[in-house]
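[1] quick one: sequence plus predicted model below, questions after.
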Amino acid sequence: MVKGKDTYKTIIKPSEEVLFKEKGSKFFGYAFPVSSEEEVKEYIETLKKQHHSARHFCYAWQLGKNYEHYRANDDGEPSNSAGMPIYGQLQSFDVTNVLAVVIRYFGGTKLGVGGLIQAYKTTAQMALENCRIVKRTIDENFLLKFEYPEMNTVMRIIKDEDIKLADQKMELNCEFKIAVRKKEAERLYELFKNTYKVTIKRLEN
């Protein structure tokens with residue numbers, strides 16, 4: 001992940017099932033949007049019920065807006081012949097918060113490590129090509145506090161700067177939660193900090 005980068009790519013909904021055949025073996029490929037390891041497990045369990053007679057459930061996932069967590073699993077295939085080629089495709093498509101799974105039905109003919117790498121890579125690629133990939137911004141969150149008379153001033157800044165309003169409480173004492181694109185965060189923090197009768201506090205993301 002490039003330092004200072006404030007966008008990431010992901011998918012919005014699961015891919016359609018794809019099928020790749022090689023020497024009698026069938027490889028079914030899937031890609032899912034995920035936000036936790038718990039979700040990863042749930043998808044794997046669902047696929048195991050769906051393909052109960054398959055021999056290998058190989059997968060890779062990447063999590064975190066900064067692409068910081070990942071795992072690859074060969075599920076009984078020769079070391080690095082399945083999980084890593086799948087993970088390589090997550091890197092190639094530059095996506096995160098995504099799980100890619102390739103399920104193999106053995107067709108009686110061994111493919112060799114090179115053949116396996118190619119088959120798992122191709123199937124994962126097909127699954128990801130089947131997805132709509134979207135770009136998201138990495139945001140920092142702030143809490144604004146001000147009294148009602150300052151509403152117009154605050155709303156004008158929000159509108160002019162195209163700031164995302166995540167939550168708002170409008171009473172005599174108003175509170176707005178705002179999401180600001182990472183590279184703009186310091187500038188807008190200072191802008192609000194220097195706005196008369198407005199306090200700004202950084203929130204944990």
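    Arrived safely. These numbers come from a predicted model, not from an experiment. Numbering: from 1, shown residues only.
[2] look up which residues are beta-bridged to the closest residue to residue 174 other than its chain neighbours.
    Distances taken as CB to CB, 6 or more residues apart in numbering place residue 146 nearest to residue 174, at 5.5 Å, with adjacent residues excluded. To be clear about C-beta, it is placed using only N, CA and C from the backbone, and glycine gets the same treatment. Assessed by DSSP bridges, residue 146 has beta-bridge partners residue 174, residue 198.
[3] cool, residue 179 as well?
    residue 141, residue 164.
[4] measure how buried residue 29 is and give me the count.
    Neighbour count of residue 29, defined by other CB atoms under 10 Å: 26.
[5] mind listing what it touches?
    15, 17-20, 100-103, 123-124, 126-127 (CB atoms under 8 Å, 6 or more residues apart in numbering).
[6] send me the helix ranked longest in the chain as CSV with only the CA atoms.
    The single longest helix within the chain, with elements called by DSSP state H, is helix 112-129. Extracted C-alpha coordinates of helix 112-129, given in CSV (Å, rounded to 0.1, in the frame of the first residue of the first chain):
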residue,chain,number,x,y,z
GLY,A,112,1.6,-30.8,-11.5
VAL,A,113,2.5,-27.7,-9.4
GLY,A,114,2.8,-25.5,-12.5
GLY,A,115,-0.6,-26.6,-13.8
LEU,A,116,-2.2,-26.0,-10.4
ILE,A,117,-0.8,-22.5,-10.1
GLN,A,118,-2.1,-21.6,-13.5
ALA,A,119,-5.6,-23.1,-12.9
TYR,A,120,-6.1,-21.4,-9.5
LYS,A,121,-4.7,-18.1,-10.8
THR,A,122,-7.0,-18.2,-13.9
THR,A,123,-10.1,-19.2,-11.9
ALA,A,124,-9.6,-16.4,-9.3
GLN,A,125,-9.0,-13.9,-12.2
MET,A,126,-12.2,-15.0,-13.9
ALA,A,127,-14.2,-14.5,-10.6
LEU,A,128,-12.7,-11.0,-10.0
GLU,A,129,-13.3,-10.0,-13.7
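[7] next, the buried residues of that helix.
    116-128 (16 or more other CB atoms under 10 Å).
[8] with distance to residue 182 as extra columns, can I get those in JSON lines?
    Shown next, in JSON lines, are the buried residues of helix 112-129 (distance: CB to CB, whole Å):
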{"residue": "116", "distance to residue 182": "40"}
{"residue": "117", "distance to residue 182": "36"}
{"residue": "118", "distance to residue 182": "38"}
{"residue": "119", "distance to residue 182": "39"}
{"residue": "120", "distance to residue 182": "34"}
{"residue": "121", "distance to residue 182": "32"}
{"residue": "122", "distance to residue 182": "35"}
{"residue": "123", "distance to residue 182": "35"}
{"residue": "124", "distance to residue 182": "29"}
{"residue": "125", "distance to residue 182": "30"}
{"residue": "126", "distance to residue 182": "33"}
{"residue": "127", "distance to residue 182": "30"}
{"residue": "128", "distance to residue 182": "26"}
